[in-house]
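> sequence? don't have it. structure:
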Ligand SMILES: Cc1cc2nc3c(=O)[nH]c(=O)nc-3n(C[C@H](O)[C@H](O)[C@H](O)COP(=O)(O)OP(=O)(O)OC[C@H]3O[C@@H](n4cnc5c(N)ncnc54)[C@H](O)[C@@H]3O)c2cc1C
């Protein structure tokens, strides 16, 4: 690590524009900067094959919002009281409706999602009709949009340094100008000079438990179904350089999922999907052995409307999915659909069809009675028995008198009984360094940190409610803005 304002004694690499992180925002920034005449180097933390970040394993939808005025109205309504500066909203709106044209110009084939009714997440908000969700190629998912980005970068003279996490921004004393980045490669520091600018596109802090505890509301821990490489490095580097932060408490989550130490990211459970059904009885309880929500409730990327306001779904940890033998034998509990998610697409754990391998691994626990099961998972046995018996009574009557659940109303009737611990899970965080409408990272006094730009979910513009496909839409929009402006900077020597 260099002392504050200290210059490295050598530069090992150089480019006009150095892009930190090869996901959707990094690709969009790099392609645009190169098309604007700059030489570009991307430094990427993951090894080849695991680059692409959340973009690679996302649902692959991106927003092309229009008409512009409606898009602005909807965006501002999503932010509600957590307003975003007008120059940022205007810049976003200028670009977001051009995503398809730009992708077509680089060889893409934008296709509009066939709109299920839930495609627009907040239809009641003004301007929501501006939501137009697209993906690359004929099929949604399966990394298809990402593959376009990767192909286009690969076709150009853009070097990608893999297994090279950026660790520090190199900054001129006094002006605070960003001159390059220190990268770790094979345990050695590599000093990369950025003649014109650095663009931070290294994702959020999904895998940084300390930041999660500090910044996300009420979460003792949370895991992700996305890239394990997003550890908040961009937040730390930008803070060290003097950046302001924003939207740190906003994230696309939580949901409830299985996280086990052997795997880096979460497993989605079929029984908890709002539209999927397994036979048999199932409830979810918190540490007090009581149910706390409609387990089949559909959330808006983790936000629910309660007590007259939107807020994150309650996830009292530890949570347990309690189910009976009928559900255990009704099919694999893990939703292995390989359309999206790090586990299905990259780590590819082969969950057994009859769930017995996961029982043997101890991921699922079993007891002959509810009371025996409660002891195994350290819950109060009589409370859990009461919770189950109330659920069974309600399900026999066909009405969930506590939370109004309407799906999978089967009782927990068949012994043995089972428990699987659930953790809060998220897609991505939205917070990070604050940016302006030129995609410049700004200080607490609003002045830009010279030669430092950002795009994507690292300091995303989403401050509160989130419209699905908005993140990749934003990667494209601010990726282009940052790429254009970074390449237009005058070289510093
Ligand atoms: C399962 C899932 C489904 C989703 N579906 C959608 C969807 O359909 N539409 C949508 O809009 N959004 C979706 N999202 C959210 C969206 O994928 C992300 O917000 C978006 O792709 C972020 O793009 P990015 O380029 O900012 O970051 P990422 O794509 O995450 O890329 C960041 C890159 O930076 C690298 N990196 C991290 N630290 C460093 C470092 N120190 N130095 C160098 N490199 C570093 C990472 O390895 C990674 O390659 C989904 C997310 C998940 C997890």
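It's in. All of these numbers come straight from a predicted model, not from anything done at the bench.
> can you tell me which residues contact the residue in the chain sticking out farthest from the centre?
Among the C-alpha atoms of the chain, the one farthest from their average position, using Cα atoms, centre = their mean, is that of residue 397, at 39.6 Å. For residue 397, no contacting residues are found, by Cβ atoms under 8 Å, 6 or more residues apart in numbering. No exception for glycine: its C-beta is placed from N, CA and C like everyone else's.
> do you know how far it is from residue 409?
From residue 397 across to residue 409, the span is 9 Å (Cβ to Cβ, to the nearest Å).
> So what does the closest residue to residue 177 other than its chain neighbours have for phi and psi?
Distance criterion Cβ to Cβ, 6 or more residues apart in numbering; nearest residue to residue 177, sequence neighbours excluded, is residue 450 at 4.1 Å. When quoted as degrees, to the nearest 10, the phi and psi of residue 450 stand at phi -60, psi 130.
> Shouldn't residue 195 be within a strand?
Yes - per DSSP: H, G, I helix; E, B strand; the rest coil, residue 195 lies within a strand segment.
> May I have the secondary structure class of the nearest residue to it once chain neighbours are set aside?
In this structure, residue 195 finds its nearest non-sequential neighbour in residue 491, 4.2 Å apart by Cβ to Cβ, 6+ apart. For residue 491, the assignment made with three-state DSSP gives coil.
> Poorly predicted segments of this structure, please.
115-118 (pLDDT under 70).
> for residue 361, what are its contacts?
Residue 361 neighbours (Cβ under 8 Å, 6+ apart): 260, 262.
> what's whatever helix or strand residue 111 lives in packed up against?
Using DSSP states H and E, residue 111 sits within strand 110-112. Here strand 110-112 touches helix 99-105, strand 133-136, going by 3 or more Cβ pairs under 8 Å, 6 or more residues apart in numbering; DSSP states H and E.
> quick check, distance from whichever helix or strand comes after the last one to the centre of its chain.
If you walk from strand 133-136 toward the C-terminus, the next helix or strand you reach (DSSP H and E) is helix 144-155. Relative to the chain's own centre, helix 144-155 is displaced by 20 Å; criterion: Cα atoms, centre = their mean, to the nearest Å.
> Equivalent analysis for stretch 90-100, please.
21 Å.
> Report the buried residues of that stretch.
Buried residues in stretch 90-100, counted by 16 or more other Cβ atoms under 10 Å: 91-93, 95-97, 99-100.
> Over to stretch 105-122?
Neighbour counts over stretch 105-122 (16+ other Cβ under 10 Å) mark 106, 108, 110, 113, 119-122 as buried.
> same thing with stretch 267-279?
Buried residues in stretch 267-279, counted by 16+ other Cβ under 10 Å: 267-273, 278.
> In TSV: those residues, plus secondary structure.
What follows is those, written out as TSV (three-state DSSP):
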residue	secondary structure
267	strand
268	coil
269	strand
270	helix
271	helix
272	helix
273	coil
278	coil
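> which one of the residues you listed sits closest to the ligand?
Nearest to the ligand among the buried residues of stretch 267-279 is residue 268, at 8.8 Å by Cβ to the nearest ligand atom.
> Excluding sequence neighbours, find me the nearest residue to that closest one.
That would be residue 335: by Cβ to Cβ, 6+ apart, it lies 4.3 Å from residue 268.
> so what's the residue nearest to residue 459 when sequence neighbours are not counted up against?
Distance criterion Cβ to Cβ, 6+ apart; nearest residue to residue 459, sequence neighbours excluded, is residue 432 at 3.2 Å. Listed by Cβ under 8 Å, 6+ apart, the contact set of residue 432 reads 204-205, 234-235, 238, 245-248, 454, 457-460.
> got the contact list for the residue nearest to residue 268?
Counting by Cβ under 8 Å, 6+ apart, residue 335 makes contact with 267-270, 273, 276.
> What residues does the stretch 351-493 of the chain have near the ligand?
427-428, 456-458, 469-473, 475 (Cβ under 6 Å from any ligand atom).
> Dump the residues you listed to TSV, plus secondary structure and neighbour count.
Formatted as TSV, these follow (DSSP: H, G, I helix; E, B strand; the rest coil; neighbours: other Cβ atoms under 10 Å):
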residue	secondary structure	neighbour count
427	coil	26
428	strand	27
456	coil	35
457	coil	36
458	coil	31
469	coil	24
470	helix	29
471	helix	29
472	helix	31
473	helix	27
475	helix	29
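> count of residues packed around residue 145?
Around residue 145 there are 26 other residues, counting by other Cβ atoms under 10 Å.
> no wait, residue 381
16.
> Next, give phi and psi for it.
According to degrees, to the nearest 10, residue 381 has phi -60, psi -40.
> Go ahead and confirm it touches residue 375.
Yes - under the criterion of Cβ atoms under 8 Å, residue 381 makes contact with residue 375 at 6.1 Å.
> re the thing from before, got the phi and psi for the residue farthest from the centre of the chain?
Torsion angles, degrees, to the nearest 10, at residue 397: phi -80, psi -10.
> what's the closest residue to the ligand within the stretch 51-200 of the chain sitting at in phi/psi?
The stretch 51-200 of the chain approaches the ligand most closely through residue 53 (2.2 Å), counting by Cβ to the nearest ligand atom. Note on residue 53: backbone dihedrals following degrees, to the nearest 10 are phi 60, psi -150.
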